[in-house]
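Visitor: kindly generate the corresponding structure for this input.
(chains A and B)
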Amino acid sequence: MKKKKNVLWLTISYLILIAIAVVAIYPVLWIVLSSLRPGTALYSQHFIPKRFTIIHYKELFTTKSFMYGTWYLNTLKIATLTMILSTFLETLGMYSLSRFRFKGRQTALTLMLVLGMFPSFMSLTAIYIILMQLNLLDTHTAIILVYSCGAVLGGFIVKGFFDTIPRSLDEAARIDGASHMKVFTRIILPLSRPMLTYVALTSFVGPWMDFIFARLVLRTKEKWTVAVGMWDLVSRYQDSNFTLFAAGAVLIAIPITLLFFFLQKFLVQGLTSGANKG
Amino acid sequence: MKQHRTTAAILSVLVQGLGQFYNGQRLKGILLAAIEALGLVYLIPRFSHAMWGLATLGETTQKFVKVKNSVVLQKGDHSIFLLLDGMIVLLVFLLFALIYVLTIRDAYQTGKLRDEGKRVAGFSKSVSNLKDNYFPHLMLSLPAVGVLFFTIMPILFTILLAFTNYSAPDHIPPAKLVDWVGFRTFTDLVQLKSWSRTFFGVLSWTIIWAVTATITTYFGGMLVALLIEQKGIRFKKMWRTILILPYAIPQVISLLIMRNLFNGQFGPINQYFKAFGLDGLPWLTDPFWAKVTVIIVNMWVGIPVSMVLILGVLTSIPRDLYEAAEVDGATSFQKFRIITLPFILFTTVPVLIMQFAGNINNFNVIFLLTNGNPMKGEYQYAGATDLLVTWLYKLTLDNSKFNMAAAIGIIIFLIIASFSIWNFRRSRSFKEEDMIQ
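Guide: Next comes the predicted model:
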């Protein structure tokens, strides 16, 4: 009797899981198939196209008015430089906040928390005006600076990681006569390789996703990033260029999704370390 | 015997660094005096103009003046630049004032050392002292400058804007001036009929949205996690990988895809409805259904996040609890109710609260999916699905109502801050962070 009930329950569970899995996969499959479909319309009679074509992928790079290739390279450049700069700034700042007890440390931590609570779009106007005064509007330098300096505020995960490295390590090295700088570069940095990977990759992914600040700072079409371009495509020509959008979306999603699966382990750690604080 | 410390301090008050010079730290004294000179050179020509600008926000507007036979545009004051410049000069002034005070204190303390008959540190000693004792400060200075310029200054500036009348169409420089108006922006927002209707409408939808979005994703994620972790389910890793997929795809992309998927005319969802002989639903164009759509889509995006979180928690539940329950003859449901559920709730409540706060600010889902639409006639520049943040964004970028946008930003901050403070008070680890060591 009990066994029968168990089998029934397992069957139901499998059915629910399959249903959820279909919902999870469907949009992804749909966009991939759409990108391979001839024509430009959103409407299509069949889920699986009758005929496959890769013309939309070619169009992405050949259409004159649609500078997907340029945007892709722009984004790659911005993402790489943001990654370097924000990892550098975040490690420096969080290391000193985690390792040293100095006057003003508590103030700095509280300030970080408080600043993080302001909606980031609130300062759009101000950032625009400041960049205008600095003559940095419509440059990639500006957007890299905005991203990297914003990343510092999200550094609590990094600080948490540094907190877990036993302090006896650096104390021993200090007694042996190593300077603070040496302790940092020779002992702490090598130990925090997983954390550095996490920070570097998340800040690399950011510019691919953000279109708010990018749209604000980058005014000319040649300077855009892919996110701005794709958003513009969808909001301007809703359904007339759908298959082109699909192809563009697939090309952006592939590298980012792969990076995500690579990062998964660290992400889970980050999430659950927040959870265990209770 | 009190001689040196008072003399040194007084000398430093007169000229920054003179006290150090008197104490025998010549190089340091000269350096400090140079810093003061630099500060004075920067501040003297700017300070009074900056303070005037900050106080009045400009007095003359631009106008056309007749010069000989032609009409020339005479430049007026630009209130917004005056405000920004005033703020920067004030910040620089405070910085130099801080250095000034620290110098006096240093002179006093070195003088005290001399009074006590101790040796005064030489220049190279001072430098290595700096490197040893102020290493964290040096390290922190670079990120701090970045945060100062691109986060603190913009936020301060925006807060100030909330107390001005900087908005289209009547107060946009350079054609017109901007003035301080005190709390009028805030009172307008809640009292003026046209604004207050929008404000309270958007606010109540924001809260309904945040509550529903948090609860649906949280319990959805819990359900999925429990299903996968059940005894007897095979291919656990495969299920996890499939179900995490929506989390892995960049939101910009997945939400734009969803927008097409739910398209009322041509989207596949309505096509399936029609295939079953049903009329399609106005997913994105009807105020009610648009709200339903954003919640559904948010579940698609958010459930995997909660799933990952709860899967992590599930593995940390001690096995012996279940074994003990089995010995006592508990059914699976009892085990879930008495062990699993309380354990999950207890460990994830802080994250849950932060997710709630995050949903109040969930810009992407709304903006990319519906853009706040469908429009609502009685609203000021907002649609039926607009949250406070997306409304703020529209007010800033599309309608140039900068003061209103700033006021709304401050209100959002107050809401988020109260939740977060409550949350941090609850969690002990914030106070006891040193215990990890």
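Visitor: for the host helix or strand of residue A:107, what is the distance to the chain centroid?
Guide: Using DSSP states H and E, residue A:107 sits in helix A:105-116. Centre-to-centre, helix A:105-116 and its host chain are 23 Å apart (CA atoms, centre = their mean, to the nearest Å).
Visitor: could you pull out the buried residues of it?
Guide: Neighbour-count burial for helix A:105-116 flags A:105, A:108, A:109, A:111, A:112, A:113, A:115, A:116 (criterion: 16 or more other CB atoms under 10 Å in any protein chain shown). Heads up, the C-betas are built off the backbone N, CA and C, glycines and all.
Visitor: quick check: which helices or strands does the helix or strand just after that helix pack against?
Guide: The helix or strand immediately downstream of helix A:105-116 is helix A:124-133, counting by DSSP H and E. Judged by 3 or more CB pairs under 8 Å, 6 or more residues apart in numbering or on different chains; DSSP states H and E, helix A:124-133 is in contact with helix A:212-217, helix B:79-115, helix B:153-161, helix B:388-397, helix B:402-426.
Visitor: can you give me how far the longest one is from the chain middle?
Guide: If I follow you right, that is helix B:79-115. Centroid separation for helix B:79-115 versus its chain: 28 Å, with CA atoms, centre = their mean.
Visitor: returning to what we had before: closest to residue B:252 out of the helices and strands packed on helix A:124-133?
Guide: In terms of CB to CB, the element of the helices and strands packed on helix A:124-133 nearest to residue B:252 is helix A:212-217, at 10.2 Å.
Visitor: one step back: now the buried residues of helix A:105-116 as CSV including distance to residue B:136?
Guide: Listed next are the buried residues of helix A:105-116 as CSV, based on distance: CB to CB, whole Å:
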residue, distance to residue B:136
A:105, 8
A:108, 10
A:109, 12
A:111, 15
A:112, 15
A:113, 19
A:115, 19
A:116, 21
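Visitor: buried residues, stretch A:63-75. List them.
Guide: Here stretch A:63-75 shows A:66, A:67, A:68, A:70, A:71, A:72, A:74, A:75 as buried, counting by 16+ other CB under 10 Å.
Visitor: likewise for stretch B:247-261?
Guide: B:247-250, B:252-261.
Visitor: what's the answer for stretch B:59-66, then?
Guide: So for stretch B:59-66, counting by 16+ other CB under 10 Å, buried means B:61, B:62.
Visitor: pLDDT (mean, whole number) over that stretch?
Guide: Stretch B:59-66 shows a mean pLDDT of 77.
Visitor: straight-line length of it, end to end?
Guide: Start and end residues of stretch B:59-66 are separated by 20 Å (CA to CA, to the nearest Å).
Visitor: pLDDT score for residue 110?
Guide: Answering for chain A, as no chain was given. 84.
Visitor: sorry, should have said chain B
Guide: We have a pLDDT of 86 for residue B:110.
Visitor: contacting residues for residue 70?
Guide: Let's take chain A. Contact analysis of residue A:70 by CB atoms under 8 Å, 6 or more residues apart in numbering or on different chains lists A:222, A:224.
Visitor: give me the angle between the host helix or strand of it and helix A:105-116.
Guide: Applying DSSP H and E as the criterion places residue A:70 in helix A:68-99. Calculated by axes from the mean of the first three to the mean of the last three CA atoms, to 10 degrees, helix A:68-99 forms an angle of 150 degrees with helix A:105-116.
Visitor: buried by neighbour count: which residues of helix A:68-99 qualify?
Guide: Within helix A:68-99, the residues that count as buried by 16+ other CB under 10 Å are A:68, A:70-72, A:74-76, A:78-79, A:81-83, A:85-87, A:89-99.
Visitor: just how off-centre is it within its chain?
Guide: Remark: helix A:68-99 is offset 11 Å from the chain centroid, using CA atoms, centre = their mean.
Visitor: ok, now stretch B:128-136?
Guide: Distance of stretch B:128-136 from the chain centroid (CA atoms, centre = their mean) equals 32 Å.
Visitor: hmm, who's touching it?
Guide: A:96, A:97, A:99, A:100, A:102, A:105, A:179, A:180, A:181, B:121, B:138.
Visitor: what's the farthest-apart pair in the residues you listed?
Guide: A:97 and B:121 (27.8 Å).
Visitor: quick check: closest non-adjacent residue to residue 112.
Guide: Defaulting to chain A. Of all residues not flanking residue A:112 in the chain, residue A:153 sits nearest, at 5.6 Å (CB to CB, 6 or more residues apart in numbering or on different chains).
Visitor: switch to chain B, please.
Guide: Spatial nearest neighbour of residue B:112, excluding adjacent residues (CB to CB, 6+ apart): residue B:5 at 4.6 Å.
Visitor: could I get the phi/psi values of that neighbour?
Guide: Dihedral pair for residue B:5: phi -60, psi -40, per degrees, to the nearest 10.
Visitor: so it makes contact with residue B:105?
Guide: No: checked against CB atoms under 8 Å, the pair residue B:5 and residue B:105 is beyond contact range at 10.8 Å.
Visitor: higher neighbour count, these two?
Guide: Higher neighbour count among residue B:5 and residue B:105: residue B:5, with 21 against 13, using other CB atoms under 10 Å in any protein chain shown.
Visitor: domains in chain B, as residue ranges please.
Guide: B:4-182, B:186-436 (automatic domain parsing).
Visitor: of all these, which one comes closest to residue A:11?
Guide: domain B:186-436 (10.5 Å).
Visitor: average pLDDT for that closest one?
Guide: What domain B:186-436 shows for mean pLDDT is 85.
Visitor: centre of the chain to that domain, how far?
Guide: The chain centre lies 19 Å from the centre of domain B:186-436; the measure is CA atoms, centre = their mean.
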